[in-house]
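> how does the following fold in three dimensions:
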Amino acid sequence: MDTEFPGVVFKPRLNSGRLGRGSRRPSPADHYKTLKSNVDALNLIQLGLTLSDAAGNLPDLGSGERFIWQFNFSDFDVTRDLHAPDSIELLKAHGIDFEKNRAAGIESSRFAELMMSSGLVCNDAVSWVTFHSAAFFGENVYDVKYLMRFCESLYGGLERVARALDVDRVVGKCHQAGSDSLLTWHAFQKMRDVYFTAQEHEKYAGVLYGLEAY
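Model (predicted):
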């Protein structure tokens, strides 16, 4: 799964000198407070879903094609709602049409109803894969950004990690949630096959990057 939000408008307020000298690093609690403040205040722009079985097969819906899903939401109004201007310009540059989303997108409340009734959420049989996505609504989740900590030479954003793993973007553009969700899944598969051959990744289920406690 991948999401696109209108940037970060609230950032952690850190007390200088709390550890005796200089500013302390944000704690998981700081990250969570910042995350919650932003999620509570911002409207989701786009969500991408890649569904797969354990072997990596995507649904074909009885055709010769393979399918992923991208949902554009009508709630976000760039003229009225809180947003980070640089994030909006980045999303526009990668093809997101905010006016079209307002006119033809789905209401997030309706999407939530359908998502809850789909059987995907609150289902122990479903595992989720994300990349640095603490704004997440699943349970059994693997965060590729966190798993990178245990993979030699992997660092950076999704694009860089995919290149390091020799994983290609099959469809779409970066910063498009559907395309990014598929690339995240393919990167996870490659990491699992190369770095976690004995299924060691399973012990990191439920740990989200930036919110982990030591």
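> Gln189 versus the nearest residue to Ser52 once chain neighbours are set aside, what's the distance?
With CB to CB, 6 or more residues apart in numbering as the criterion, Ser52 has its nearest non-adjacent residue at 5.6 Å, and that residue is Leu58. For the C-beta atoms, the positions are set from N, CA and C on the backbone; glycine is no exception. Separation of Leu58 from Gln189 (CB to CB, to the nearest Å) stands at 12 Å.
> ok, now Val121?
When CB to CB is the yardstick, Val121 and Gln189 sit 23 Å from each other.
> wouldn't Gly105 be in contact with Gln70 here?
No - because the distance of 10.9 Å does not satisfy CB atoms under 8 Å, Gly105 is recorded as not touching Gln70.
> need the overlap of contacts for these two.
In the contact map built from CB atoms under 8 Å, 6 or more residues apart in numbering, no residue is linked to both Gly105 and Gln70.
> residues near Ala112, how many?
The burial metric for Ala112, expressed as a neighbour count using other CB atoms under 10 Å, is 12.
> show me where the chain has helices.
28-41, 85-93, 98-104, 108-117, 144-147, 158-164, 177-195 (DSSP state H).
> check contacts around the closest residue to Asp166 other than its chain neighbours.
The shortest distance from Asp166 to any residue other than its chain neighbours is 7.6 Å, reached at Lys190 (CB to CB, 6+ apart). Residues near Lys190 by CB under 8 Å, 6+ apart: 165-167.
> ok, now how distant is Lys190 from Asp180?
Counting by CB to CB, the gap between Lys190 and Asp180 amounts to 16 Å.
> ok, Phe98 next?
According to CB to CB, Phe98 stands 18 Å off from Asp180.
> compare these two (neighbour count), which wins?
The residue with more neighbours, out of Phe98 and Asp180 and counting by other CB under 10 Å, is Asp180; that gives 28 against 19.
> so what's the gap between the lowest-mean-pLDDT helix or strand in the chain and the chain middle?
None of the helices or strands of the chain scores lower by mean pLDDT, DSSP states H and E than helix 28-41, at a mean of 89. For helix 28-41, the gap between its own C-alpha mean and the chain's C-alpha mean amounts to 15 Å (CA atoms, centre = their mean, to the nearest Å).
> before we move on, the earlier item: what sits against the residue nearest to Ser52?
Contacts here follow CB under 8 Å, 6+ apart; on that basis Leu58 touches 50-52, 66-68.
> now do Pro59
Contacts for Pro59 were tallied using CB under 8 Å, 6+ apart; they are 51, 66-67.
> neighbour count and pLDDT added to these, as TSV?
Putting the contacts of Pro59 into TSV (neighbours: other CB atoms under 10 Å; pLDDT from 0 to 100) gives the following:
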residue	neighbour count	pLDDT
Leu51	15	96
Arg66	15	95
Phe67	13	97
